[in-house]
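A.B. asks: Fold the following, please.
(chains A, B, C and D)
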There are 2 protein chains.
Amino acid sequence: MLKAERHQHILNEVSIRSRIQLSDIADTLGVSIDTIRRDVKELDDNKKLKKVHGGAISLGYNIFPFSNNEVFNKEKKAQIAQKAITLIKENAVILMSGGTTNLELARQLPADMDITVFTPSLPIAMQLLAHPKAEVIVIGGKVSKDAQLAIGAQVVQELGNIRADLCFLGTGYLDIEHGLTEFDYEVVQVKKAMINSSRRIVSLCISEKLNSVQRFKTCDIRDIDTLITELPPDAEVLRPYQSFNVNLL
Amino acid sequence: MLKAERHQHILNEVSIRSRIQLSDIADTLGVSIDTIRRDVKELDDNKKLKKVHGGAISLGYNIFPFSNNEVFNKEKKAQIAQKAITLIKENAVILMSGGTTNLELARQLPADMDITVFTPSLPIAMQLLAHPKAEVIVIGGKVSKDAQLAIGAQVVQELGNIRADLCFLGTGYLDIEHGLTEFDYEVVQVKKAMINSSRRIVSLCISEKLNSVQRFKTCDIRDIDTLITELPPDAEVLRPYQSFNVNLL
DNA sequence: CAAGAAACTGCAAAAAACTGCAGATTTAGA
DNA sequence: TCTAAATCTGCAGTTTTTTGCAGTTTCTTG
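C.D. replies: Next comes the predicted model:
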């Protein structure tokens, strides 16, 4: 990996997240933390960012108007994302819905991974642009301001043309009886289409969301091939799900 | 193998992959790495790409478009954006290309403005999500990592279905003789499609870009209805453009 | 103030860049 | 077509840059 690429990656990360940690970058790019430290120092010297203890921060605007830097349960989501990444095979075609857990996944994707990602989520697409090898295809349409996700008939139709190996499906709410549910009906339609276009459905779900229900239903639990949560396999709350071929961390 | 062939191959690779490593190219073409190094140096001298330690990157690649560090240019772009906003009518349907000047426009859009914006640019779309009233439709496709812009046949086709009132067209390079030009051919195709889909074309262009040329042509200057720059009307550099119905700040 | 994390420093191995040169190839003019 | 000049190309030796590591110092946090 070229130094210039690392610099670009770092600037992208800073631009997207408004702050970075050296250790994270070193991890993602697979180089030593000293190298990243030197990179960041150089970028700081060139006034491209501001180096701070342990990382760096952006000088100007963020790309994301809503600062979604404060992710709830970021640790858990990072764990889940790590597990999800192990499911990805080289040259896979992947569908990704939105949500902060998927965003964490996109962020942690190893730099040498050669994949193609389709997504209607703008933050996910932006994040993946920082990845040196991933090919990114954004699925266009009217963008929901809440979900920062393209929705509508056009999106559903476009998804019909795709046959993905893997779908990382975030969900707002998950319950044994009512399945995966959402607050927004249009989001549900998009997610249904994503499910129809993928061979394997993997749902990433922090434990806080288990046993919660909302108004509109995406699918039943049995439509999910793999559920990833951060809980140990014997957790009480997971008991009802065990029969659905649930993979655990 | 001719030198010209190698140069072409190198430019192609850079254009497609945004980056190359000298060793890879030398390997592929079966010549010594020194030869490739000399080739790349020459291409760098001719401003066709940017040479970096160990390889080369495309010209657009290291522009770090969206971390907004250069206060100086930001001032100019803000001025230009302000002027551009005065051209927008209520309930207008607007097409926006990418670029930092357009991004500045998106940032400054008054909150009470009720408009519909189509754009293949991810940062523009993200920015507009922060706007309370603007409806945002992102045009989907494979995303160029350099331009952070959806490109390709799908984008062009989608643009064919749109009839916009106004198109804010950023441009990399502008010259009286060669018109609007870009480094990337696919970006040119998208911009051509945008021009065909709009009643009025407004190009935002800071003065640094005047009298500069790149490899691929978007359109002639006479295809632009309005050109907005930050220079006073009597600026020497603007003299040649006066006859093209140029609006000035 | 004490423990842990991060930063700094110097160093050595590896990679890349640079330099000069000689043989090969191309070009230009007779 | 022939020849001389100019250019191109690969090679070997040298210099510079990059990078990870280990030891030490500085900073942060409770």
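
A.B. asks: Next, give phi and psi for A:Gln148.
C.D. replies: As for A:Gln148, its main-chain torsions (degrees, to the nearest 10) stand at phi 50, psi 40.

A.B. asks: Quick one, grab the pLDDT at the closest residue in space to it that isn't next to it in sequence.
C.D. replies: If the residues on either side of it in the chain are set aside, A:Gln148 comes closest to A:Leu122, at 5.0 Å by Cβ to Cβ, 6 or more residues apart in numbering or on different chains. For the C-beta atoms, the positions are set from N, CA and C on the backbone; glycine is no exception. Per-residue confidence for A:Leu122 comes out at a pLDDT of 95.

A.B. asks: Spit out the contact partners of A:Leu122.
C.D. replies: Contacts were defined as Cβ atoms under 8 Å, 6 or more residues apart in numbering or on different chains; by that measure A:Leu122 touches A:Val138, A:Val143, A:Gln148, A:Leu149, A:Ala150, B:Leu122, B:Ala125, B:Met126, B:Leu129, B:Val138.

A.B. asks: mind checking the backbone torsions on it?
C.D. replies: phi -70, psi -50.

A.B. asks: From A:Ile57, how far off is it?
C.D. replies: A:Leu122 sits 22 Å away from A:Ile57, going by Cβ to Cβ, to the nearest Å.

A.B. asks: got a list of what A:Ser212 touches?
C.D. replies: Neighbour list for A:Ser212: A:Tyr173, A:Leu174, A:Asp175 [criterion: Cβ under 8 Å, 6+ apart].

A.B. asks: For B:Glu230, see how far away the residue of chain A positioned farthest from its centre is.
C.D. replies: Residue farthest from the centre of chain A, counting by Cα atoms, centre = their mean, is A:Asp45 at 31.9 Å. When Cβ to Cβ is applied, the distance between A:Asp45 and B:Glu230 equals 29 Å.

A.B. asks: what sits up against stretch A:19-29?
C.D. replies: Here stretch A:19-29 has contacts from A:1, A:6, A:9-10, A:13-14, A:32-33, A:35-37, A:40, A:54-58, A:69, A:107-111, using Cβ under 8 Å, 6+ apart.

A.B. asks: Report whether it contacts DNA strand C.
C.D. replies: Yes: judged by Cβ under 7 Å from any atom of the strand, stretch A:19-29 comes into contact with DNA strand C through A:Gln21, A:Leu22, A:Ser23.

A.B. asks: quick check: mean pLDDT across that stretch?
C.D. replies: Per-residue pLDDT values over stretch A:19-29 give a mean of 91.

A.B. asks: So what touches the lowest-mean-pLDDT helix or strand in chain A?
C.D. replies: The helix or strand with the lowest mean pLDDT-type score in chain A, counting by mean pLDDT, DSSP states H and E, is helix A:74-85 (a mean of 84). For helix A:74-85, contacts defined as Cβ under 8 Å, 6+ apart pick out A:71, A:100-102, A:104-105, A:107-110, A:168, A:202, A:204-207, A:228-230, A:247, A:249.

A.B. asks: do stretch A:135-145 as well
C.D. replies: Residues from elsewhere that reach stretch A:135-145, judged by Cβ under 8 Å, 6+ apart: A:115-120, A:122, A:125, A:128-129, A:149-155, A:158-159, A:184, A:186-187, B:120, B:122, B:125, B:129, B:135-143, B:145, B:150, B:158.

A.B. asks: give me the subset of the residues you listed touching DNA strand D.
C.D. replies: Restricting the contacts of stretch A:135-145 to those within reach of DNA strand D (Cβ under 7 Å from any atom of the strand) leaves nothing.

A.B. asks: returning to what we had before: which of the contacts of helix A:74-85 fall in helices?
C.D. replies: In this view, the contacts of helix A:74-85 that belong to helices under DSSP state H are A:Thr100, A:Thr101, A:Asn102, A:Glu104, A:Leu105, A:Arg107, A:Gln108.

A.B. asks: thinking again about what came up before, for the least confident helix or strand of chain A, C-alpha coordinates in CSV please.
C.D. replies: The C-alpha atoms that make up helix A:74-85 are tabulated as CSV, following Å, rounded to 0.1, in the frame of the first residue of the first chain:
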residue,chain,number,x,y,z
LYS,A,74,-20.2,1.5,19.6
GLU,A,75,-18.1,-1.2,21.3
LYS,A,76,-20.8,-3.8,20.9
LYS,A,77,-21.4,-2.8,17.3
ALA,A,78,-17.7,-3.0,16.6
GLN,A,79,-17.7,-6.6,18.0
ILE,A,80,-20.7,-7.6,15.9
ALA,A,81,-19.1,-6.0,12.8
GLN,A,82,-15.9,-8.0,13.4
LYS,A,83,-17.9,-11.2,13.5
ALA,A,84,-19.8,-10.2,10.4
ILE,A,85,-16.6,-9.6,8.4
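
A.B. asks: mean confidence score for the helix or strand just after it?
C.D. replies: Towards the C-terminus, the helix or strand next in line after helix A:74-85, according to DSSP states H and E, is strand A:93-96. Looking at strand A:93-96 alone, the average pLDDT works out to 98.

A.B. asks: For A:Ser203, grab the count of nearby residues.
C.D. replies: 27 (other Cβ atoms under 10 Å in any protein chain shown).

A.B. asks: Can you narrow the contacts of stretch A:19-29 down to the ones near DNA strand D?
C.D. replies: Those of the contacts of stretch A:19-29 which are also neighbours of DNA strand D are A:Met1, A:Arg6, A:Ser32, A:Thr35, as judged by Cβ under 7 Å from any atom of the strand.

A.B. asks: which phi and psi does A:Ser198 have?
C.D. replies: Its backbone dihedrals place A:Ser198 at phi -130, psi 140, with angles given as degrees, to the nearest 10.

A.B. asks: Oops, could you answer that again for A:Arg200 instead?
C.D. replies: Main-chain dihedrals, A:Arg200, degrees, to the nearest 10: phi -130, psi 130.

A.B. asks: ditto for A:Asp114
C.D. replies: Torsion angles at A:Asp114 (phi, psi; degrees, to the nearest 10) stand at phi -100, psi 100.

A.B. asks: The ones next to DNA strand D among the contacts of stretch A:19-29, buried ones only, as a ChimeraX selection?
C.D. replies: Of these, the buried ones go into a single ChimeraX selection, burial set by 16 or more other Cβ atoms under 10 Å in any protein chain shown:
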select /A:1,6,35
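
A.B. asks: Which of the ones next to DNA strand D among the contacts of stretch A:19-29 fall in helices?
C.D. replies: The members of those that map onto helices under DSSP H are A:Arg6, A:Thr35.

A.B. asks: Buried only: go through the ones in helices among the contacts of helix A:74-85 for me.
C.D. replies: Neighbour counting over the ones in helices among the contacts of helix A:74-85 (16+ other Cβ under 10 Å) leaves A:Thr100, A:Thr101, A:Asn102, A:Glu104, A:Leu105, A:Arg107, A:Gln108 as the buried ones.

A.B. asks: residues in chain A within reach of chain B, list them.
C.D. replies: For chain A, the residues in contact with chain B under the definition Cβ under 8 Å from any Cβ of the partner chain are A:2-5, A:7-8, A:11, A:14-15, A:47-49, A:58-61, A:63-66, A:120, A:122-123, A:125-126, A:129, A:132, A:135-143, A:145, A:148, A:150, A:158.
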